[in-house]
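1. kindly return the folded structure for what I paste below:
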Amino acid sequence: MKNISILGSTGSIGKSTLEVVDSLHDEFKIIGISTNRNIELLIEQCKKYKPEIAAVADESQYSILKNSIPIGTKAVCGLDGLLEVAVNDKNDLLVSAIVGAAGLIPTYEAIKNGIDIAIANKEVLVVAGAIITTLAKEKKVKLLPVDSEHNALFQCLMGQKKRWVKKLILTASGGPFLNTPKEIMAKSTIQQALAHPKWSMGKKISIDSASMMNKGLEVIEAHWLFDIEYDSIDVLIHPESIIHSMVEFVDGSCIAQMNVPDMCIPIQNALTYPERHNGGIYKSLDFCKIAKLSFSEPDRDKFVCLELAYQAGNIGHSMPAVLNAANEEAVNLFLNEKIIFDDIPKIIMAVMNEHNVIKNPDLKSLFEIDKWARIKSKEIIKK
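-> Modelled structure (predicted):
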């Protein structure tokens with residue numbers, strides 16, 4: 001039985017992870033869970049899974065958690081609480097599913113303690129890819145991708161040598177605005193931007209998908225996970241979301257990974273690696289019912305955020321951290337109706353243009369850069 005802790009157990013990925021655990025209940029034991037502030041659901045999860053530790057990042061919710069969970073589960077809070085969940089020496093695997101840069105420190109500390117990571121938090125690698133991957137190699141820690149696209153690449157690359165790889169191809173559904181004219185997309189409502197045609201996700205990731213920043217962050221994540229240069233990482237629009245990614249090899253062969261759109265499938269692959277199990281809860285692909293598989297190039301003039309992510313990745317060093325922080329602030333402003341949708345890439349671009357790149361930043365510098373980019377984003381809005 002594999003001991004698992006989940007950072008972000010009340011989010012979309014966390015809940016899907018627990019579905020996988022339920023379907024393979026003899027394979028896994030949940031020993032740690034956490035939430036930002038969804039305390040009611042966390043308490044329900046504590047009662048069902050009886051973990052050793054439960055953490056709430058919002059310290060104001062601590063007393064509610066402490067007084068509501070079963071005997072035997074320890075309540076903790078804040079960053080220290082998240083760290084206690086992450087570095088528990090009983091962990092065989094940590095599912096890193098906190099959205100945004102907030103997941104960086106707990107994931108980093110878990111790797112330092114030699115704990116394998118099922119990584120669903122792409123921002124960890126966007127902000128600190130060089131630091132995280134170097135540390136993982138040093139500690140011989142596995143970074144097992146949970147995102148459907150990166151898990152697909154992971155599967156396609158099994159048994160392959162890097163020198164055989166010509167190109168990684170990340171697929172994208174195109175989000176809710178694939179066929180929406182740029183002028184109309186620019187003034188879209190929050191509800192329109194959240195209405196993803198294929199996936200059910202949290203608000204932040206849904207907005208990133210609508211702007212295609214999510215795919216841009218995935219390009220940077222793929223660069224670090226698979227050590228492939230950016231000019232060998234392509235994005236293709238694939239509205240059916242059946243092929244989740246592909247690898248083209250130097251001999252002309254192309255291997256694709258396919259399944260119905262269901263996040264439980266890549267999550268299970270990461271949790272059970274290197275084995276495969278019949279979870280019994282997933283639909284099989286019915287090729288006779290698939291009318292077509294279509295592909296097109298993304299419009300980078302329309303989806304400016306994708307272009308900005310490629311620019312930040314190619315510049316490297318501290319620029320991806322600036323991209324990520326500015327995007328998080330812009331998305332939050334949009335969700336709070338402070339800006340229109342079209343302002344998101346404008347804010348990110350303005351912050352990137354004002355940043356003086358710092359080469360090979362350490363973690364302390366990255367957090368200072370993150371703070372600077374968030375302040376700068378708000379200053380730009382005031383102007």
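
2. next one, pLDDT for the closest residue to Ile190 other than its chain neighbours please.
-> Leaving aside its sequence neighbours, Ile190 sits nearest to Leu335 (Cβ to Cβ, 6 or more residues apart in numbering; 6.2 Å). C-beta: built from backbone N, CA, C; applies to glycine. Note for Leu335: predicted pLDDT of 96.

3. and Leu335, how far is that from Ala193?
-> For Leu335, the distance to Ala193 equals 9 Å [Cβ to Cβ, to the nearest Å].

4. His150: which element?
-> If you go by DSSP states H and E, His150 is part of helix 148-156.

5. ok, Ile33 next?
-> strand 28-35.

6. which is the next helix or strand following that strand?
-> Criterion used, DSSP H and E; the element after strand 28-35 is helix 39-49.

7. so how far is the next helix or strand along the chain from that following helix from its chain's centroid?
-> Proceeding N to C from helix 39-49, the next assigned helix or strand is strand 53-56, under DSSP H and E. Relative to the chain's own centre, strand 53-56 is displaced by 21 Å; criterion: Cα atoms, centre = their mean, to the nearest Å.

8. now swap in stretch 140-149 and tell me
-> With Cα atoms, centre = their mean, you get 11 Å for stretch 140-149.

9. tell me the mean pLDDT over that stretch?
-> 97.

10. residues in contact with it?
-> Stretch 140-149 has contacts (Cβ atoms under 8 Å, 6 or more residues apart in numbering) with 13, 93, 95, 97, 111, 114-120, 122, 132-133, 135-136, 151, 153-154, 170-171, 218, 221-222, 225, 244-245, 261, 263, 265-267, 270, 273.

11. buried subset of these?
-> The neighbour count (16 or more other Cβ atoms under 10 Å) marks 13, 93, 95, 97, 111, 115-120, 122, 132-133, 136, 151, 153-154, 170-171, 218, 221-222, 225, 244-245, 261, 263, 265-267, 270, 273 as buried among those.

12. can you give me the domain boundaries for the chain?
-> 2-141, 151-382 (automatic domain parsing).

13. what's the most buried one of these?
-> domain 2-141 (a mean of 20; mean count of other Cβ atoms under 10 Å).

14. end-to-end on that one?
-> 16 Å (Cα to Cα, to the nearest Å).

15. can you flag which of the contacts of stretch 140-149 belong to strands?
-> Leu93, Val95, Asp116, Ile117, Ala118, Ile119, Leu170, Thr171, His244, Ser245 (DSSP state E).

16. doesn't Ala326 make contact with Ala373?
-> Yes. Counting by Cβ atoms under 8 Å, Ala373 does reach Ala326; the two are 5.0 Å apart.

17. mind listing the shared neighbours of those two?
-> In contact with both Ala373 and Ala326: Val351, using Cβ under 8 Å, 6+ apart.

18. what's the angle between the strand holding Ile33 and helix 39-49?
-> Counting by axes from the mean of the first three to the mean of the last three Cα atoms, to 10 degrees, strand 28-35 lies at 160 degrees to helix 39-49.

19. show me what strand 28-35 is in contact with.
-> By Cβ under 8 Å, 6+ apart, strand 28-35 touches 1-11, 14, 18, 20-21, 41-42, 45-46, 49, 51-57, 81-82, 84-86, 88, 90-91, 98, 271.

20. the same query, at a cut-off of 6 Å, please.
-> If you take Cβ atoms under 6 Å, 6 or more residues apart in numbering as the criterion, strand 28-35 is touched by 1-7, 9-10, 21, 42, 45, 49, 51-56, 82, 85, 88, 90.

21. where exactly do the helices run in the stretch 201-350 of the chain?
-> 203-211, 213-226, 264-272, 304-315, 319-335, 343-354 (DSSP state H, counting those that start in this stretch).

22. for Lys74, find the nearest of these.
-> Shortest distance between Lys74 and the helices of the stretch 201-350 of the chain, using Cβ to Cβ, is found for helix 264-272: 23.7 Å.

23. just checking the distance from the closest one to the centre of its chain.
-> With Cα atoms, centre = their mean, you get 14 Å for helix 264-272.

24. quick one: contacts of that helix?
-> Contacts of helix 264-272 (Cβ under 6 Å, 6+ apart): Ser16, Thr17, Glu19, Val20, Ala118, Leu144, Val146, Ser148, Asn151, Asn259, Gly279, Tyr282.
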